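K.L.:
Below are the sequence and a predicted model for it; my questions follow.
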Amino acid sequence: MYEEIKRGIKNTSYLVAATVLAQIIGFIGLVYVTRNLGPVEYGVYVTVLSFLSLFNIINLPGLKKVLIREISKAPDLSNKYLQENILLNVLCSSITLVICLVAINFMDYDQSVKNLITFFAVFIVIESLSGFFGVVFIAKERISLLSKIAIVKQIFSSTTYVCLIYIGFGIYELLVSHFLILFFYLIFILYITDITPTSFMSGIKWETRYLKSAITFSLITITTFFSLRIDIIMISIMGDSYEVGIYSVSAIIAEISDNIRNLAALVFFPIFIKFFQKVKNPLVLRKMLFYSVSLTLFVSTILFLLSSFIPEITTIVFGEQYKESGEILAILLFYSVFTWMILPFTIASQALKKEFLILKIQIFMAIMNICLNYFFYNEFGLIGIAYSTLFVYSIGGISQTIYLYFSLKKVLIETG
């Protein structure tokens, strides 16, 4: 397994380097935008994007994970897999778009917020198609190219947002630019994947054999959303735009570690698939446990060293109006320790087609997070949402690591 881990680390290093650079660029843009918009206006902007992302999770996101798994086994058949599943992707996107447009009418938002969400709901379709065709780069391990694309996209996005705010534009123009960037990103993805529209369209067919696995992966994505990213939506309902703006600054910074973790998961996924095609020895789980403990200690040490400086630095960088964001961030940072803890075992479960094992505890975490968000928000105020996230992920992360270790051990013994 050492060679596979070495190759994964090499591939991950490309994405991590690109992500760090992109995050630095994005952070500079975030600071400028938040300081100039203020918590209320920025809160409206985040509410619109968060509400739309809520519907992305029911847009069968697990289909992309299935495609990565299948294409990584037979890279030469990538076009075939895309042709067999494009209709399913478009159908799900269309249904999701309709559901979003209906659901917004039942939300207790200001009419201006509702109008923005309605107008920009087409984000759902554009993002879905970008992710659908982008799986080819991950499955074929073209990580260097993917890294370069990520950097260019972030530079262009941040520069555009800063220029718009500097000129004097507001939320509407930011959302328009966000849409245009997504649209041109999709066009670029199609161009560099060498997909010829005529030949691709002629080979399209309706295929549902991967639907069951796609639904399972999608349920994992949905429960992950409800165990973390639902927080902004709940704040927008229980609180106001000001609190959304304050908390979202903390959430965006706290998710940097989790974003790097998710990139590592994407990179190692095809590598684990190929590894477990050759190896079924349950002793490999001991190495995975070692990596799990090592990652936990490494990430927790870094975050502990950073946490004491976070409140003061956040106030200096974002301004006195975001002082509360720093206090929240000092708590919220630590949830990602537990996402790193479970990383080796969640990738292995998906590679062995046992993703349903992950779902069991994820459902529990999602339910617990929603309940605790409501209770802790009323008890402690906005920082209570951070307490809820940390509590849920600490309990869920430890439980999932133990459960997946013994479950996968049984699977490997039976199939080995």
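P.N.:
Looks like it came in fine.
K.L.:
Tell me the helix or strand right after the least confident helix or strand in the chain by mean pLDDT.
P.N.:
Least confident helix or strand of the chain, by mean pLDDT, DSSP states H and E, is helix 197-202 with a mean of 72. Downstream of helix 197-202, the first helix or strand assigned by DSSP states H and E is helix 211-224.
K.L.:
Can you give the distance from that next one to the centre of its chain?
P.N.:
14 Å (Cα atoms, centre = their mean, to the nearest Å).
K.L.:
List of residues touching that helix?
P.N.:
Applying Cβ atoms under 8 Å, 6 or more residues apart in numbering, the contact partners of helix 211-224 are 57-58, 60-63, 65-66, 69, 88, 350, 353, 355-356, 358-359, 362-363, 365-366. In this view, the C-beta of every residue, glycine as well, is placed from N, C-alpha and C.
K.L.:
how does it look with 6 Å?
P.N.:
57, 60-63, 65-66, 355-356, 358-359, 362-363, 366 (Cβ atoms under 6 Å, 6 or more residues apart in numbering).
K.L.:
likewise stretch 234-248?
P.N.:
39-40, 42-44, 46-47, 232, 324-325, 373, 377, 382.
K.L.:
before we move on, what about stretch 27-36?
P.N.:
42, 158, 161-162, 165, 249, 317-319.
K.L.:
for stretch 330-341, same thing?
P.N.:
250, 254, 257-258, 261, 292, 295-296, 299-300, 303, 307, 310-311, 386, 389-390, 393-394, 397, 401.
K.L.:
List buried residues within the residues you listed.
P.N.:
The neighbour count (16 or more other Cβ atoms under 10 Å) marks 250, 254, 257, 261, 292, 295-296, 299-300, 303, 310-311, 386, 389-390, 393, 397, 401 as buried among the contacts of stretch 330-341.
K.L.:
How many neighbouring residues does G170 have?
P.N.:
14 (other Cβ atoms under 10 Å).
K.L.:
meant to ask about M341, not that
P.N.:
The burial count for M341: 25, using other Cβ under 10 Å.
K.L.:
Kindly report the same for the one 3 residues further on.
P.N.:
Using other Cβ under 10 Å, P344 has 28 other residues around it.
K.L.:
Next, the buried residues of the helix or strand harbouring F156.
P.N.:
Following DSSP H and E, one finds F156 within helix 143-167. Buried residues in helix 143-167, counting neighbours by 16+ other Cβ under 10 Å, are found at 143, 146-147, 149-151, 153-154, 157-158, 160-162, 164-165.
K.L.:
For the helix or strand encompassing F268, what is the distance to the chain centroid?
P.N.:
Element membership for F268, per DSSP H and E: helix 241-278. Chain-centre distance of helix 241-278: 5 Å, with Cα atoms, centre = their mean.
K.L.:
what is the orientation angle of it with helix 143-167?
P.N.:
170 degrees (axes from the mean of the first three to the mean of the last three Cα atoms, to 10 degrees).
K.L.:
Can you list the buried residues in helix 241-278?
P.N.:
Buried, per 16+ other Cβ under 10 Å, within helix 241-278: 241-257, 259-273, 275-276.
K.L.:
Nearest spatial neighbour of V44, chain-adjacent residues omitted?
P.N.:
S241 (5.0 Å; Cβ to Cβ, 6 or more residues apart in numbering).
K.L.:
ok, that neighbour to F119 distance?
P.N.:
Look at S241 and F119: by Cβ to Cβ, to the nearest Å, they are 18 Å apart.
K.L.:
What of F309?
P.N.:
Counting by Cβ to Cβ, the gap from F309 to F119 is 41 Å.
K.L.:
Looking at the two, which is more packed in?
P.N.:
Legend: neighbour count by other Cβ under 10 Å for F309 and F119, higher for F119 (14 against 11).
K.L.:
From V176, how far off is that one?
P.N.:
9 Å.
K.L.:
repeat for R69
P.N.:
Distance from R69 to V176, by Cβ to Cβ: 36 Å.
K.L.:
Of those two, give the one with the bigger neighbour count.
P.N.:
Shown here are R69 and V176; by other Cβ under 10 Å, R69 has more neighbours (23 against 14).
K.L.:
pLDDT value on that one, please?
P.N.:
On the pLDDT scale, R69 is placed at 79.
K.L.:
can you start the count at 863 instead of 1 from here on
P.N.:
With 863 as the first residue, the last one maps to R931.
K.L.:
which regions of the stretch 1013-1162 of the chain sit below the pLDDT cut-off?
P.N.:
Within the stretch 1013-1162 of the chain, the stretches with pLDDT under 70 are 1056, 1059, 1061.
K.L.:
now the stretch 1163-1278 of the chain
P.N.:
1278.
K.L.:
Give me the buried positions along stretch 947-959.
P.N.:
947-948, 950-951, 954-955, 958-959.
K.L.:
Quick check: the farthest pair among those?
P.N.:
Farthest-apart pair in the buried residues of stretch 947-959 is N947 and L959; separation 18.4 Å (Cβ to Cβ).
K.L.:
Now the buried members of the contacts of helix 1073-1086.
P.N.:
919, 922-925, 927-928, 1217, 1220-1221, 1224-1225, 1228.
K.L.:
Any chance of CSV for these, columns distance to L1205 and secondary structure?
P.N.:
Converted to CSV, the buried ones among the contacts of helix 1073-1086 look like this (distance: Cβ to Cβ, whole Å; DSSP: H, G, I helix; E, B strand; the rest coil):
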residue, distance to L1205, secondary structure
I919, 20, coil
L922, 24, coil
P923, 19, coil
G924, 18, helix
L925, 22, helix
K927, 15, helix
V928, 20, helix
E1217, 14, coil
I1220, 12, helix
L1221, 17, helix
Q1224, 14, helix
I1225, 20, helix
A1228, 19, helix
